[in-house]
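Q: Just need the structure, nothing else, for what follows:
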Amino acid sequence: MSPYAGSLISDEECMKKYNDENHWGLMVSIDLGECDHERISSKEVITQFAIDVCKEIDMKRYGEPLVVFFGAEPKVQGYSLVQLIETSQISGHFAEDTDRAFIDVFSCKQFKPKETAEFCQKYFGAKKMEYSIAFRDI
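A: A predicted model of the protein is given here:
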């Protein structure tokens, strides 16, 4: 867990809080380190990830994933991902120079943030993973 995120709650506590407090949306931000370089450097793998993570967390995709490679400096160079879902979006950036990935899942439909983070970690072969949870409201 990131030292900036505060205490994490279990998926069960998260779902209870989300429903009991009638939050508008839920977001999990996932930081992955020491990823499998081949996986985070592959447009095909990242595209398939967008499809697979939506299935994993039971989200309905809206259109196809957008996966674009860019970055003028090696530190930030890599693929970025946007997958619209009926209830918001999934986004990510994959930094090839440092084998890190940064993935955000935001939805007004509930999902389990810890399970989602663990799925991402396994998918990209990350040796390190931190995540944080935010409830969205106004």
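Q: Using the three-state scheme, assign residue 72.
A: Assigned by DSSP: H, G, I helix; E, B strand; the rest coil, the conformation of residue 72 is coil.
Q: Could you give the number of residues near it?
A: When counting by other C-beta atoms under 10 Å, one arrives at 7 neighbours for residue 72. Every residue, glycine included, has its C-beta placed from N, CA and C.
Q: Which pLDDT value goes with the most centrally placed residue in the chain?
A: Centroid-nearest residue in the chain: residue 103, 3.2 Å away (criterion: C-alpha atoms, centre = their mean). Looking at residue 103, its pLDDT is 98.
Q: same check, this time on residue 58
A: 97.
Q: for the nearest residue to it once chain neighbours are set aside, helix, strand, or coil?
A: Nearest residue to residue 58 in three dimensions, chain neighbours excluded: residue 111, at 7.1 Å (C-beta to C-beta, 6 or more residues apart in numbering). Of the three states, residue 111 takes coil under three-state DSSP.
Q: Please shift the residue numbers so they start at 12 in all later answers.
A: Happy to do that; since the first residue is 12 now, the last one works out to residue 122.
Q: got the contact list for residue 122?
A: 37, 39, 68-70, 116 (C-beta atoms under 8 Å, 6 or more residues apart in numbering).
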